[in-house]
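> Just a sequence and a predicted model for now, questions to come.
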Amino acid sequence: MHDAYEPVPILEKLPLQIDCLAAWDDWLLVGTKPGHLLLYGIKKDAGTNRFEVTLEKSNKNFSKKIQQLFVVSQYKILVSLLENNIHVHDLLTFQQITVISKARGATLFACDLQVGERRATAKISMNYSLNRVRSLLQGDFTAPDVPKSMAWCENSICVGFKRDYYLIRMDGRGSVKELFPTGKQLEPLVAPLADGKVAVGQDDLTVVLNEEGVCTQKCALNWTDIPVAMEHQPPYIIAVLPRYVEIRTLEPRLLVQSIELQRPRFITSAGSNVVYVASNHFVWRLVPISIASQIRQLLQDKQFELALQLAKMKDDSDADKRQQIHHIQNLFAFNLFCQKRFDDSMQVFSKLGTDPTHVIGLYPDLLPSDYRKQLHYPNPLPTLSGAELEKAHLALIDYLAQKRSHLVKQLNDPDPFATSPLMEGTPTIKSRKKLLQIIDTTLLKCYLHTNVALVSPLLRLENNHCHIEESEYVLKKAHKYSELIILYEKKGLHQKALQVLLDQSTKANSPLKGHERTVQYLQRLGVENLDIIFEFSPWVLKICSEDGLKIFTEDLTEVETLPRDKVLNFLKEGFKELAIPYLEHIIHLWDETQPEFHNVLIQLYLEKVQGLMKVYLSSLPEGVPAVAAGKEAGELGEYRNKLLSFLEVSSSYEPEGLISDFPFDGLLEERALLLGRMGKHEQALFIYVHILKDTLKYLYFKHNKHFSLTSSICGTHFIMDGRTLFDVLWTDEQKHCNDRAWNSQDKESHIHQGCLKGE
């Protein structure tokens, strides 16, 4: 509670009993039981809450009790109820203008002023328009009982009878809607409100209705006694109770003040902040306490919603008013947080544009300690833990996600960026990028507390601004190494990521155990990170050469575009056994045609075959000849077949540079293929016929110099008119053998020497 009004005596111990009041501007009308009408001038003393009261006029011509008064100051008329008749008098002279003849027998009236017209009611149903000289009745409605209270509600009239309330629509048809009972005390009370609604009493409760008769408030006002009269002075509703005046608010629903007065009965107002209360012989004026004083008291009492309403009513400049309203709203949001109404608090902060770092600072362990020390708050922060802390984090996540979305859209906006502090004088963040960094890092921490599944999607965002060191710290602390890898990768810290993968690869319970994640990571790096690939691939190549080789052979654009010469040199230097499968992959699957790669593959095949050949020949028993080329058992046969086949099918190698690597006394089939590729066919044929004694190869080569030599040799028969290729070639050769001098010993010796030298 706080003091909203101060009661100041205006009239004391009036000898005449007061029966009604009316007021306008600086004037007060008092209607008395004997029929006297008293007009007082009320002038406020400057600088004090004291008033100079002057009796300006006393009219004793009202011979009967004055039952009701209503002033229409805009038209300078006074409407009164005397002897159950409605009279209209001149407000200044009290001279009677008219008596509304159709309202004879009236017990009650209600007036309402609308722009452009004047309308009022006599009895329950008299709806008429007045000016200074005439009245016009527009309708008459039969009431079910004697009305005891009524008030206009836009285009309806709410009427309280002894037992029930009704709503009568002034729509030309006069439709009537029964509302609800008056209550146990059978004392109805209807009072107009400033916003076109009505307050309707039901014993010690008051509800607010609109012109449709619908309740507009969730909860009724609950008075400490049954009101007998009521006046609306936004944001307050002032009710006259049997022993005191009680002041409350509708939103928020608060008891503001109780003012003890001697048997108050009546209340009226002359406009905003001019309220009079009267008993039978006393009149008081309720003087409002200054809004500034009320706001200070309300802020101390943490009644921020009411303080905001009052701040909006101040007469300050627009700038000062905005500043104070903003300050109160921040205090309100802070108080909501302290009350653990986290969602409501975040909604208010979001609307205010409060610096998000000041909001984040409300939570424990989310901001770096050095920055957190710069923030100040109105009161100590609540201690949060367990389910409360999780609920608070979830509210913060929603708030930060909204702020993040807004900031990302404005990231490249050239306009200056500013946020408002929660407390004046507290530093704010001036950079959008810096604020985004704090927001993303805070979101990461909140996700770790509430929903770990959201960490990876956050870190994978292309525009994630997480602070590297802070994020690294919290992820390591939470043992979230998979997420740490994502952070490093998105920030381009590949060596850190690969080192974590290496460290975790041998830990039994780690989700990163093994080498598979390292292989996948290295495959994504691409040519710009070739040095890093060479740095971190060896440990995988050592423990699993097959998977390690996939770093350089996987069907990914990043892998296929790696510089193949550098990869080959890397493998030859440290992992020579993988050079052959690498070259086979790029040549046969990726269609590599550069001669250098074909040459190297032939050389590597040759080295392999020569090494295995030595072992093979030394293992043969004495007198046992070697088997045909490519027919050897084991690796020797495998690699020799690969060599022969590649020499035959590849069109990209350079035989001139390779021929010298093949010995004169071995691998003659391979040498013959090279000679043939070089165009030295006679020397190749000499090797086949006279050294290898392979007549079939000779015959095929003789007739098909433009074809490969081995494709038809390995048991393949081509059917031509029912005969094998061998038959065809052999018959042809017999026809020409007499024309050739192959039996000459001298010529044979000459050719033998030439073909061994490759001449």
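Cool, got the structure.
> For L11, give its distance to Q68.
From L11 across to Q68, the span is 19 Å (C-beta to C-beta, to the nearest Å). C-beta: built from backbone N, CA, C; applies to glycine.
> right, I mislabeled it, should have said T441
From T441 to Q68 the distance is 70 Å (C-beta to C-beta).
> More neighbours: those two, which one.
T441 (23 against 19; other C-beta atoms under 10 Å).
> Name the helix or strand for the more buried one, please.
helix 432-450 (DSSP states H and E).
> ok, now L604?
Assigned by DSSP H and E, L604 falls in helix 595-619.
> Mind splitting the protein into its structural domains?
86-140, 595-757 (automatic domain parsing).
> weakest of those domains in terms of mean pLDDT?
Ranked by mean pLDDT, the domains of the chain bottom out at domain 86-140, with a mean of 64.
> for the stretch 601-750 of the chain, what spans make up the helices?
For the stretch 601-750 of the chain, the helices defined by DSSP state H, counting those that start in this stretch occupy 634-649, 655-658, 668-677, 681-686, 695-703, 725-736, 745-757.
> and the fourth one, C-alpha only, in PDB?
Included here for helix 681-686 are C-alpha records, laid out as PDB according to Å, rounded to 0.1, in the frame of the first residue of the first chain:
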ATOM      1  CA  HIS A 681      59.300 -54.600 -84.000                       C
ATOM      2  CA  GLU A 682      62.100 -56.700 -85.500                       C
ATOM      3  CA  GLN A 683      64.000 -56.700 -82.200                       C
ATOM      4  CA  ALA A 684      60.800 -57.500 -80.300                       C
ATOM      5  CA  LEU A 685      60.100 -60.400 -82.700                       C
ATOM      6  CA  PHE A 686      63.600 -61.800 -82.300                       C
END
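> who does it touch, helix- and strand-wise?
helix 668-677, helix 695-703, helix 745-757 (3 or more C-beta pairs under 8 Å, 6 or more residues apart in numbering; DSSP states H and E).
> do the same with the second one
When contacts are defined as 3+ C-beta pairs under 8 Å, 6+ apart, helix 655-658 sits against helix 595-619, helix 668-677.
> try 6 Å this time
Secondary-structure packing of helix 655-658 (3 or more C-beta pairs under 6 Å, 6 or more residues apart in numbering; DSSP states H and E): no helix or strand packs against it.
> buried sites along it?
P655, L658 (16 or more other C-beta atoms under 10 Å).
> before we move on, what about the fourth one?
By 16+ other C-beta under 10 Å, the buried positions in helix 681-686 come out as Q683, A684, L685, F686.
> could you redo these as TSV and give each row distance to K177?
As requested, those are exported to TSV (distance: C-beta to C-beta, whole Å):
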residue	distance to K177
Q683	120
A684	116
L685	120
F686	123
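> Closest to E388 out of those?
Closest approach to E388 among those (C-beta to C-beta): A684, at 90.0 Å.
> Distance-wise, check the closest one relative to G676.
Distance from A684 to G676, by C-beta to C-beta: 4 Å.
> And H588, by the same measure?
In terms of C-beta to C-beta, H588 sits 22 Å off from G676.
> Neighbour count: these two, which is higher?
Comparing H588 with G676 by other C-beta under 10 Å, the one with more neighbours is G676, at 22 against 12.
> what sits against that one?
A684 (C-beta atoms under 6 Å, 6 or more residues apart in numbering).
> Which helix or strand contains K550?
helix 545-553.
> Which strands or helices does that helix pack on?
On the basis of 3+ C-beta pairs under 6 Å, 6+ apart, helix 545-553 makes packing contacts with helix 516-525.
> what angle separates the helix it packs on from helix 545-553?
If you take axes from the mean of the first three to the mean of the last three C-alpha atoms, to 10 degrees, helix 516-525 sits at 20 degrees to helix 545-553.
> Just the mean pLDDT for helix 516-525, thanks.
97.
> Check for me that L381 belongs to a helix.
No. With DSSP: H, G, I helix; E, B strand; the rest coil as the criterion, L381 is assigned coil and is not in a helix.
> And for the helix holding K550, what's in contact with it?
With C-beta under 6 Å, 6+ apart as the criterion, helix 545-553 contacts V519, L522, Q523, S537, V540, L541, V567, L578, H585.
> got it, and stretch 563-570?
Here stretch 563-570 has contacts from F534, F552, I586, using C-beta under 6 Å, 6+ apart.
> how about that stretch: buried residues?
For stretch 563-570, the buried set under the neighbour-count rule, 16+ other C-beta under 10 Å, comprises R564, V567, L568, F570.
> circling back to that earlier point, which positions in the helix holding T441 come out as buried?
Those would be 432, 435-450, for helix 432-450 by 16+ other C-beta under 10 Å.
> What helices and strands are in contact with it?
Using 3+ C-beta pairs under 6 Å, 6+ apart, helix 432-450 sits against helix 356-360, helix 386-409, helix 468-477.
> ok, residues contacting it?
Applying C-beta under 6 Å, 6+ apart, the contact partners of helix 432-450 are 356-357, 360, 366, 390, 393-394, 396-397, 400, 404, 407, 411, 417, 429, 454-455, 458, 464-467, 470-471, 474, 478.
> and if you look at stretch 165-177?
Contacts for stretch 165-177 (C-beta under 6 Å, 6+ apart): N127, F141, N155, S156, I157, C158, V159, E178, L179, F180, V200, G213.
> How about stretch 17-27?
29-31, 33, 42, 66, 68-69, 71, 73, 266, 268, 270, 276, 278, 280.
> go on, stretch 352-371?
With C-beta under 6 Å, 6+ apart, stretch 352-371 has contacts from 329, 337, 349, 372, 375, 403, 419-422, 428-429, 438-439, 442, 445.
> just how off-centre is stretch 74-88 within its chain?
62 Å (C-alpha atoms, centre = their mean, to the nearest Å).
> now stretch 395-414
In terms of C-alpha atoms, centre = their mean, the centre of stretch 395-414 is found 7 Å from the chain centre.
> Quick check: buried residues in it?
A395, L396, I397, Y399, L400, K403, R404, L407.
> same question, stretch 589-597
Neighbour-count burial for stretch 589-597 [16+ other C-beta under 10 Å]: E592, F597.
> Check stretch 540-549 too.
V540, L541, G548, L549.
> With stretch 417-434 instead?
In stretch 417-434, counting by 16+ other C-beta under 10 Å, buried: F417, T419, S420, P421, L422, T426, T428, I429, R432.
> do stretch 352-368 as well
352, 354-363, 366-367.
> now these as CSV including distance to P380 and pLDDT?
Below are those laid out as CSV (distance: C-beta to C-beta, whole Å; pLDDT from 0 to 100):
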residue, distance to P380, pLDDT
L352, 22, 93
T354, 19, 94
D355, 20, 95
P356, 21, 97
T357, 19, 96
H358, 16, 97
V359, 17, 97
I360, 17, 97
G361, 13, 96
L362, 11, 97
Y363, 14, 96
L366, 17, 96
L367, 17, 94
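> any chance of the residues you listed in a markdown table, with distance to Y605 too?
As requested, the buried residues of stretch 352-368 are exported to a markdown table (distance: C-beta to C-beta, whole Å):
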| residue | distance to Y605 |
| --- | --- |
| L352 | 76 |
| T354 | 73 |
| D355 | 70 |
| P356 | 66 |
| T357 | 66 |
| H358 | 72 |
| V359 | 70 |
| I360 | 65 |
| G361 | 70 |
| L362 | 72 |
| Y363 | 67 |
| L366 | 63 |
| L367 | 65 |
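> out of the contacts of stretch 563-570, who's nearest D225?
Taking C-beta to C-beta as the measure, D225 lies nearest F534 of those, at 90.3 Å.
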